[in-house]
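Visitor: Fold the following for me, if possible:
(chains A and B, ligands or ions: 2)
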Amino acid sequence: MPKVMVVTSGKGGVGKTTSSASLGAALAQSGQNVVLIDFDVGLRNLDLVMGAERRVVFDLVNVVQGDAKLPQALIRDKRIETLSLLPASQTRDKDALTEDGVKTVIEELKEKFDWIICDSPAGIEKGAQLAMRFADTAVVVTNPEVSSVRDSDRIIGMLDSKTLRAENGETLEKHLLLTRYNAARAAKGEMLNVKDVLEILAIPLLGIVPESMDVLTASNVGCPVTLNTPDSVASKAYLEAARRLRGEKLDIVEPAERKGLMSRLFGWKAATA
Amino acid sequence: MSIFSFFTRSRSAPVARDRLQILLAHERTLAGQSDLVAVLREEILTVIAKHVSIDRDKVNVKLECGNNVSTLEVNVEVMDQPKAAS
Ligand SMILES: Nc1ncnc2c1ncn2[C@@H]1O[C@H](COP(=O)(O)OP(=O)(O)OP(=O)(O)O)[C@@H](O)[C@H]1O
Ligand SMILES: [Mg+2]
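Guide: Numbers count the residues shown, from 1 in each chain, chains lettered A, B, ... in the order given. Ligands and ions are numbered 1, 2, ... in the order given. Presented below is the predicted three-dimensional model:
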C-alpha cells in the first residue's frame, strides 16, 4: 500500500524541507520508490536542496491546472533512480492549487510510488492544509524551542481535525522528528530536552537530528545529507528514522555532541508503523 | 554574583517547559471552544426563551480561561414588550 506522508511544523525554518529530502532519500536508498512533492508554492526550495533546480520545467501547479502531464513534471534524481521530485511553482501563489487537483495528482502518484512525501509550507493556511489533506502519516518537525513546540501543538490539532483521515474517523500516524538538537545545551538545561518536548507534545518520537554542519554542507551542494555524508551523525539519524517509518523498532539514541563521547541510550519507545 | 546564580541563570529550559505546559493547556481548550460555546449558547437561549422574549442577535457569550478559574459570561438582552402581547 502506497503511503502519503506530510512533513509539517507550523513554524517556518525548522527543517521541513531538509527532512523531506533526507527522509525521502533514505527511503529511496533502501529500495523504496519515493516521490517528493514541494507544496511551498511561491517559495520553492526542495529543488535546490535536492540539487535539481536547473532541471525544473513543469511544476505541481502546471499539473494541477492541466497544462502539463504528470510524467513531464516529475524529475528523476540522478543519484538514486527510485527517487523523484515534483517541484512547486515559483511564480504562482498558493491559490493556484485546488483540493480536487491535488487529490488527482496524489491518486496518480500512488500508482507508481511507495511513498509520496509532501513538503509542507510553513503556517496553518491553505498551503499547509492542502499538504496534509490526504496524508496517511505525518512527520511533525520540531526544534527544541518554545515557539516551535507551540506551533507543533497547533499543527497536531489540525492533523487531528482537518485531514481527510480525521474527518472519516480513520487513524493518522503522527511522528515527532526533533531537529537542530543540541545535546550539550539540553544537558545543561539551556534548551528544552527530548523528554520535555515528548511530554508536552505526546506523540511518538521518530528521531533526533542534531544541529549539524553536515546538514548545511549538504544543502550547499544540493545533495541530501544521507547521500552526501552517509556516516555523519545527522545522516544516521535520518537513515534510522526512515527504517522506523518502515516499521522497524530501533532504540533512539540521543546524538552526542563530540566524537568519542558515549551516546546516551534512552528508553523511549520508537515510533511504530 | 555567585557561581550559583550563574548556574541557575543558564538553566532556562525548565522555565520554558513550564510556560509551555500552561499555555498549551489553555490553547487546547480554546481549540474546542468554538463548538462548546455555540452549544452552550443554543441551550441556554432555549431555556430563557421559554419564559421571556429575547432577540437572538443581541446575545453575547464569552469564555475566558484564567489561571485557576475559567468564567463563562452570558449576556442576554431581554425585550421590553411582554410576551403575552402577541
Ligand atoms: N539539523 C540541522 N543542522 C543545521 N542546520 C539545519 C538543520 N536542519 C535544517 N537546517 C538549516 O535550517 C534552515 C531551514 O531549514 P529548512 O529549509 O529545511 O526549513 P523549513 O522548515 O523547510 O523552512 P520553511 O518553513 O521556510 O519551508 C536551512 O538553512 C537548513 O540548512
Ligand atoms: Mg521548506
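Visitor: Next to chain B, which bits of the stretch 51-200 of chain A? Give me the list.
Guide: Contacts of the stretch 51-200 of chain A with chain B, taken as CB under 8 Å from any CB of the partner chain, map to A:145-146, A:149-150, A:153-154, A:157, A:186, A:188-193, A:196, A:199-200. For the C-beta atoms, the positions are set from N, CA and C on the backbone; glycine is no exception.
Visitor: Can you turn the buried subset of those into a selection I can paste into PyMOL?
Guide: Buried subset of these, written as a PyMOL selection, criterion 16 or more other CB atoms under 10 Å in any protein chain shown:
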select buried, chain A and resi 145+146+149+150+153+154+157+186+189+190+191+192+193+196+200
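Visitor: Looking at the residues of the stretch 51-200 of chain A next to chain B, which are in helices?
Guide: Among these, the ones falling in helices (DSSP state H) are A:146, A:149-150, A:153-154, A:157, A:186, A:196, A:199-200.
Visitor: Give me the lowest-pLDDT entry from those residues.
Guide: Across those, the bottom pLDDT score, 90, is held by residue A:186.
Visitor: Nearest to chain B within the stretch 51-200 of chain A, name that residue for me.
Guide: residue A:189 (3.6 Å; CB to the nearest CB).
Visitor: The closest residue to that residue other than its chain neighbours: neighbour count?
Guide: By the measure of CB to CB, 6 or more residues apart in numbering or on different chains, the closest residue to residue A:189 outside its immediate chain neighbours is residue B:11, 3.6 Å from it. Using other CB atoms under 10 Å in any protein chain shown, residue B:11 has 11 other residues around it.
Visitor: Is residue B:11 in contact with residue A:186, as I believe?
Guide: No: with contact defined as CB atoms under 8 Å, residue B:11 does not count as touching residue A:186 (11.1 Å).
Visitor: dump the residue contacts of the closest residue to chain A within chain B.
Guide: For chain B, the residue closest to chain A is residue B:11, as judged by CB to the nearest CB, at 3.6 Å. Going by CB atoms under 8 Å, 6 or more residues apart in numbering or on different chains, residue B:11 touches A:188-190.
Visitor: Quick check: which element contains residue A:85?
Guide: Following DSSP states H and E, the helix or strand that holds residue A:85 is strand A:83-86.
Visitor: now swap in residue A:237 and tell me
Guide: helix A:233-245.
Visitor: Paired strands for the longest strand seen in chain B, with orientation please.
Guide: What stands out as the longest strand in chain B, according to DSSP state E, is strand B:54-65. Strand pairing for strand B:54-65, determined by DSSP bridges: strand B:70-78 (antiparallel).
Visitor: which of the residues in the strand it pairs with are buried?
Guide: For strand B:70-78, the neighbour count (16+ other CB under 10 Å) marks residue B:76 as buried.
Visitor: what residues does it touch?
Guide: With contact meaning CB under 8 Å, 6+ apart, strand B:70-78 is reached by B:29, B:40-41, B:44-45, B:48, B:52-55, B:58-64.
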